[in-house]
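S.K.: Give me the fold of what follows.
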Amino acid sequence: MRKRNFLGGLTCVAAVLATPALAQDNVFKIGLIAPLTGPFASTGKQIEAAARLYMAQNGDTIAGRKVQLIVKDDTGVPDVTKRIAQEMVVGDKVHVLAGFGLTPLAMATGPIATQAKTPMVVMAAATSVITEASPFIVRSSFTVPQVVTVLADWASKNNIKRVVSLVTDYAPGIDSEKYFNQRFQANGGVVIEALRVPLRSPDFAPFLQKVRDAKPDALFTFVPSGQGSVLMKQFTERGLDKAGIRMIAEGSVTDDDILNSMGDAAIGVVTAHHYSAHHKSDLNKKFVEAFGKANAGMRPNFMGVEGGEALLNAMKGQTFESPRGPVLIDAQTRDVVHNVYVRRVERVDGQLWNVEVQTTTDVKDPGKTR
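M.R.: Residues are numbered from 1 along each chain as shown. Below is the predicted model:
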């Protein structure tokens, strides 16, 4: 059943191009749905920019058919995402749905993909359960359990014995809390307290005061891409750094495209993620340079690398080399398998970068390990 679901959800994205039904249809339509305005706009803009860059570099045809990228803004609201997806399937007659900047947006669209039998490529949302929302979902991004369990292992080996966890109160944050805390405790560590902050309009200050009062060795934290600057600012304003409390985090906190704006307060923060713009490979160097040239000097983050590579490669179900490193779509789970890097924020040539200090290869989603 799982193999059949995989074939229905991933392979049909490529196979659909060769079906007789499309023999007279020379346009292959991809409906890209992302938050381009609102509090999560940076996520959508990265995905769209990378998708357009990929098409500019690799052409806009697949198997001899023209690719049309239809981009719509869901503002980060699930009901809007669902409505747009329905309109794209029925009105635009897209062959693939793609994007989905947050877990609630992907989950809202899953039933539509199933009903319409339309492949759905998740390029950002990272909660483990997403691929179970539809047999037509393929994820090219990452899962939170992949990265936070690697970070928990690193922390246990680097003299961190007591932590407080602080996460945003929605599915990826809850996954972060669950899988980091479980692994850290299994390694002999102590989680003093688990704190959750609201997703929208968060004020971290009162929670950070609780962290300072608890006096842990480190704060483990997750916030969505784009909110790390506020968290970092309030971390230093509350004096947690001066109190000797280290910050370790899921990689969204030190997002590549906003890292320089965080200033010296971010130096030394250790995170785990599946991509860094500082990744040492020729392919990534070329990607970062091309992305910057095409987008007024903007640095790509993990959303950008996922938007670009997923558009054509992951949809065809191939193992491929990405700017992040080697990538495989697991045939059983329709989820991504890749390297996870422990990174430390350092100043290199006058700029802040997430410098990789450890690599764990071929990491599957612990949330789906049976």
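S.K.: Could you break this structure into its assigned domains?
M.R.: 1-142+281-334, 144-273+339-368 (automatic domain parsing).
S.K.: and those, which one's lowest on average pLDDT?
M.R.: Across these, domain 1-142+281-334 has the smallest mean pLDDT, namely a mean of 81.
S.K.: for that one, the distance to its chain's centre please.
M.R.: 12 Å (Cα atoms, centre = their mean, to the nearest Å).
S.K.: One more: stretch 321-336?
M.R.: 13 Å.
S.K.: that older thread, just put the domains of the chain in a markdown table and tack on mean neighbour count.
M.R.: For glycine as for every other residue, the C-beta is placed from the backbone atoms N, C-alpha and C. Conversion of these to a markdown table gives the following (neighbours: other Cβ atoms under 10 Å):
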| stretch | mean neighbour count |
| --- | --- |
| domain 1-142+281-334 | 20 |
| domain 144-273+339-368 | 20 |
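S.K.: can you pull the contacts of residue 337?
M.R.: Residue 337 makes contacts with 327, 328, 329, 330, 362, 363, 364, as judged by Cβ atoms under 8 Å, 6 or more residues apart in numbering.
S.K.: could you measure the second one against residue 339, distance?
M.R.: Meaning residue 328. Distance, residue 328 to residue 339, by Cβ to Cβ, to the nearest Å: 11 Å.
S.K.: hey, where'd the helices end up in the protein?
M.R.: Using DSSP state H, the helices of the chain run over 2-6, 12-15, 41-58, 78-87, 103-116, 144-156, 171-186, 205-214, 228-237, 259-262, 282-294, 302-312.
S.K.: Tell me which of those sits nearest to residue 33.
M.R.: Taking Cβ to Cβ, helix 78-87 is the member of these nearest to residue 33, at 5.4 Å.
S.K.: And the contacts of the closest one?
M.R.: 31, 33, 72, 74, 97, 100, 104-105, 107-109, 112-113.
S.K.: Residue 208 and residue 254, how far apart?
M.R.: 17 Å.
S.K.: Pull up the distance across stretch 68-88, start to finish.
M.R.: 12 Å (Cα to Cα, to the nearest Å).
S.K.: cool, and stretch 113-129?
M.R.: 16 Å.
S.K.: what's the answer for stretch 293-300, then?
M.R.: Span of stretch 293-300 from end to end, Cα to Cα: 11 Å.
S.K.: what residues does that stretch touch?
M.R.: In contact with stretch 293-300 (Cβ under 8 Å, 6+ apart) are residues 46, 49-50, 52-53, 56, 256-257, 259-260, 277, 287-288, 291-292, 323.
S.K.: And those residues, which is closest to residue 235?
M.R.: residue 259 (14.6 Å).
S.K.: Identify the residue nearest the closest one in space, chain neighbours excluded?
M.R.: In this structure, residue 259 finds its nearest non-sequential neighbour in residue 352, 4.7 Å apart by Cβ to Cβ, 6 or more residues apart in numbering.
S.K.: Quickly list what that neighbour is bridged to.
M.R.: residue 347 (DSSP bridges).
S.K.: so it makes contact with residue 268?
M.R.: No: in this structure residue 352 lies outside contact range of residue 268 using Cβ atoms under 8 Å: 10.9 Å.
S.K.: Pull up the overlap in contacts between these two.
M.R.: The overlap between the contact sets of residue 352 and residue 268 (Cβ under 8 Å, 6+ apart) consists of residue 345.
S.K.: hang on, the earlier thing: how about the residue nearest to residue 259, what does it touch?
M.R.: Counted by Cβ under 8 Å, 6+ apart, residue 352 has contacts 259, 260, 262, 266, 267, 345, 346.
S.K.: would you turn the residues you listed into TSV with distance to residue 132?
M.R.: Shown next, in TSV, are those (distance: Cβ to Cβ, whole Å):
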residue	distance to residue 132
259	33
260	38
262	35
266	35
267	39
345	34
346	38
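S.K.: quick one: which of these is nearest residue 152?
M.R.: Using Cβ to Cβ, these come closest to residue 152 at residue 345, 19.0 Å.
S.K.: Identify the residue spatially nearest to residue 29, adjacent ones excluded.
M.R.: residue 94 (4.3 Å).
S.K.: Work out which residue lies at the spatial centre of this structure.
M.R.: In the chain, the residue lying closest to the centroid (Cα atoms, centre = their mean) is residue 124, at 4.1 Å.
S.K.: Tell me the spacing between it and residue 40.
M.R.: In terms of Cβ to Cβ, residue 124 sits 9 Å off from residue 40.
S.K.: any idea where the strands of the stretch 251-370 of the chain begin and end?
M.R.: Using DSSP state E, counting those that start in this stretch, the strands of the stretch 251-370 of the chain run over 270-273, 320-322, 325-329, 336-348, 351-363.
S.K.: so can I have CSV of these showing distance to residue 147?
M.R.: Listed next are these as CSV, based on distance: least, Cβ to Cβ, whole Å:
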stretch, distance to residue 147
strand 270-273, 4
strand 320-322, 16
strand 325-329, 13
strand 336-348, 5
strand 351-363, 8
